[in-house]
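Student: coordinates only, sequence not included:
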């Protein structure tokens, strides 16, 4: 076997890997620093070195030079090729992670994030026709139509006093009325995508599976509501975005830099009365909201 082929079959030492990475970086990325700095735009000199390096890497990701799943060069390689300190290279990586562009895998390196497949949640998911046709909950029916496998884990069912904003939306007295609180964690292909906490007035849930069972049967939650005289006919959804709490990061396996969608859902029945409130917390990289609404003239 000739020397070139024999060389590539030998395990690479750490120093050889870093030398190879430096050469690769120099081919991908235009160095943003030099000892002379004479060719640098004066305005750019005021930008921190870490941000300039992050911008170079960001451009490489945007153009596809660093494609999905690609491993970024090591901190050492970046520091050498761009003539910066390793702390500067580390900070550049952190900036990209905060933007959700890369993710760090312990013991392996930093990788460009793979494109995430969005689950689309529209008003049609609450359609009574869809539920009657499939016999599934809104979440299970919608995920199935996208060719993925849904799983829902009900982790707790308790009777509590309603939080203030829940009481307001259900027209309850927060001091004298109570609600059933059902906590569900939602998965697609075994990947956690959202958590939902549903609040049901005790007057509706009392004596039914809504108050005591994780297994709700065919048609799930809204079929049981309809049996109790509350057919869903209208929804209100209040949507905001924020960074996740530590518990949400752990429970939903949220990568660095990824926010969550915080959605407060209220269901109304045939008499336009509110009968349930659910707070959903969704990974923003895995969930998309797609609504179709009529335009009403006053």
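Tutor: Right, received. Where do you want to start? Keep in mind that what you see is a predicted model, and the values were worked out from it rather than measured.

Student: ranges for the helices of the stretch 1-150 of the chain?
Tutor: Per DSSP state H, counting those that start in this stretch, the stretch 1-150 of the chain carries helices over the ranges 3-9, 14-28, 49-63, 75-82, 86-98, 128-134, 138-145.

Student: how about the third one: buried residues?
Tutor: When neighbours are counted by 16 or more other C-beta atoms under 10 Å, the buried residues of helix 49-63 are found to be 49, 50, 51, 52, 53, 54, 55, 56, 57, 58, 60, 61. For glycine as for every other residue, the C-beta is placed from the backbone atoms N, C-alpha and C.

Student: quick one: which of those is nearest to residue 98?
Tutor: For the buried residues of helix 49-63, the closest approach to residue 98 (C-beta to C-beta) belongs to residue 54, at 9.7 Å.

Student: quick one: the closest one and residue 95 touch, right?
Tutor: Yes: Residue 54 lies in contact with residue 95 (C-beta atoms under 8 Å); the separation is 4.3 Å.

Student: With residue 139 as the reference, measure out to residue 149.
Tutor: Applying C-beta to C-beta, to the nearest Å, the value for residue 149 to residue 139 is 12 Å.

Student: Point out where the stretch 101-250 of the chain drops to low pLDDT.
Tutor: Scanning the stretch 101-250 of the chain with the threshold set as pLDDT under 70 gives 116-118.

Student: what's the burial count for residue 256?
Tutor: Residue 256: 14 surrounding residues under other C-beta atoms under 10 Å.

Student: show me the residues around the residue nearest to it when sequence neighbours are not counted that make contact.
Tutor: Counting by C-beta to C-beta, 6 or more residues apart in numbering, residue 256 lies nearest to residue 97, which is 4.2 Å off, once chain neighbours are set aside. Contact analysis of residue 97 by C-beta atoms under 8 Å, 6 or more residues apart in numbering lists 103, 104, 110, 255, 256, 257.

Student: about what we covered before: ok, residue 149 and residue 139, which is more surrounded?
Tutor: The neighbour comparison of residue 149 against residue 139 (other C-beta under 10 Å) goes to residue 139, with 24 against 11.

Student: Out of the contacts of residue 97, which comes closest to residue 285?
Tutor: Closest to residue 285 out of these is residue 255 (7.3 Å), distances taken as C-beta to C-beta.

Student: Mind pulling up the pLDDT for residue 25?
Tutor: According to the prediction, residue 25 has pLDDT 55.

Student: same question, residue 45
Tutor: 62.

Student: Strands along the stretch 151-298 of the chain, start to end?
Tutor: 179-188, 191-201, 234-242, 260-268, 274-283, 287-289 (DSSP state E, counting those that start in this stretch).

Student: Which secondary structure elements does the shortest one sit against?
Tutor: Helices and strands touching strand 287-289, by 3 or more C-beta pairs under 8 Å, 6 or more residues apart in numbering; DSSP states H and E, are strand 119-121, strand 260-268.

Student: Let me see the mean pLDDT of that strand.
Tutor: Strand 287-289 comes out at a mean pLDDT of 88.

Student: now what about it, what contacts it?
Tutor: Here strand 287-289 makes contact (C-beta under 8 Å, 6+ apart) with 118, 119, 120, 121, 122, 193, 194, 237, 239, 261, 263.

Student: what's around residue 76, how many residues?
Tutor: Residue 76 has 16 neighbouring residues, counting by other C-beta under 10 Å.

Student: Might one say that it is in contact with residue 86?
Tutor: Yes: between residue 76 and residue 86 there is a contact under C-beta under 8 Å: 6.4 Å.
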